[in-house]
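Peer 1: Build me a structure from this.
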Amino acid sequence: MPTVQTQHTSAPTTELYYETYGQGRPVILIHGWPLSGRMWEAQIDALRHAGYQVIAYDRRGFGQSGKTATGYTYDVFAADLRDLIEGLGLSDVTLVGFSMGGGEVARYAGLFGTQDLRSAALISSVAPYLLKTADNPDGGLSQAEVEAMVQQVANNRPQFLAGFTKNFLNWEQGDTAQKLGDEFLDFTASLYFQASPVATQECVRAFGTTDFRADLARLTVPLLVVHGDSDRIVPLEASGQRVPQYQPGAELQVMAGAPHGLNATHAEEFNALLLEFLKR
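Peer 2: Presented below is the predicted three-dimensional model:
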């Protein structure tokens, strides 16, 4: 099983599971909560056939990576990403972060700069800052809402995530269910039940309360932001739409009618946007 050993000294070391396909310029796919690298199946195929080396890995606590008791902060996640890039000897990398994975992209730049990066993409991302505070009134979550979500996960994780997944995909609207089939819900459940319950809870606090505004200012490589205007999980107005305020070089692409999980529901349209961006 291909893994990279983490070297981060302020958190328990662990092994990060990854899969790599294709040859060419490297593209690292960073998954959302509470999934794994397997969420990117439609993108892995598109990228490898287009001539890229695509690497999809599982964040610590998720998928087939190690489950540590602590260490679920963005400083640790960014350091883990650094260990993956160095462990695989990669350079000229494009980072593609989905939802909470967008936080890794931003914090990586904030901590380590962009010398190994060619470009980056934030997809349905939690950046710039979801928590509502006095200096961030447009955030999407209050502290009470974050803690309520943590408690719901702790009380009945299967029940909470079943409803979450349907909102993730806007399941009852349009032809989503017909196109993907009920089997897709089973597939999604198979991914989030690989995750540690502790990681599932602690990452809610991480993505719900971490401020990425200063990190975005350091993300100076070409940056694509893709967000659906029907996102119920991370609303466009609280996230993607605000990224250019903190990184003026960002290119914002709003996908009409797309939910949070647009990489699955609108895979063809999203893949075309991503591939066009990568060609530049």
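Peer 1: Let me see the mean pLDDT of stretch 217-229.
Peer 2: Mean per-residue pLDDT for stretch 217-229: 98.
Peer 1: nope, stretch 260-270 is what I meant
Peer 2: Rounded mean pLDDT across stretch 260-270 is 97.
Peer 1: same check, this time on stretch 131-150
Peer 2: 97.
Peer 1: From here on, call the first residue 41.
Peer 2: New numbering, starting at 41: the last item is stretch 171-190.
Peer 1: buried ones in it?
Peer 2: The neighbour-count check on stretch 171-190 (16 or more other Cβ atoms under 10 Å) flags L171, K172, N176, G179, G180, L181, V186, M189, V190 as buried. Every residue, glycine included, has its C-beta placed from N, CA and C.
Peer 1: pretty sure the third one is in contact with D251, am I right?
Peer 2: Yes - under the criterion of Cβ atoms under 8 Å, N176 lies in contact with D251, with a separation of 7.5 Å.
Peer 1: Touching both of the two, which residues are there?
Peer 2: Shared between the contact lists of N176 and D251 (criterion: Cβ atoms under 8 Å, 6 or more residues apart in numbering) are residues Y169.
Peer 1: follow-up on the earlier one: from the buried residues of stretch 171-190, which two are the most distant?
Peer 2: The largest separation in these, counting by Cβ to Cβ, is between N176 and V190 at 19.9 Å.
Peer 1: What segments of the stretch 91-240 of the chain are helices?
Peer 2: Per DSSP state H, counting those that start in this stretch, the stretch 91-240 of the chain carries helices over the ranges 114-127, 141-152, 183-195, 197-209, 216-220, 222-232, 237-249.
Peer 1: Which helix or which strand is home to E316?
Peer 2: When secondary structure is defined by DSSP states H and E, E316 falls within helix 307-318.
Peer 1: which parts of that helix are buried?
Peer 2: Within helix 307-318, the residues that count as buried by 16+ other Cβ under 10 Å are A307, F310, N311, L313, L314, L315, F317, L318.
Peer 1: Could you dump those into CSV with distance to A161 added?
Peer 2: As requested, the buried residues of helix 307-318 are exported to CSV (distance: Cβ to Cβ, whole Å):
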residue, distance to A161
A307, 15
F310, 10
N311, 12
L313, 9
L314, 7
L315, 11
F317, 7
L318, 9
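Peer 1: was I right about F224 contacting G301?
Peer 2: No - the pair F224 and G301 does not pass the contact test of Cβ under 8 Å, sitting 9.6 Å apart.
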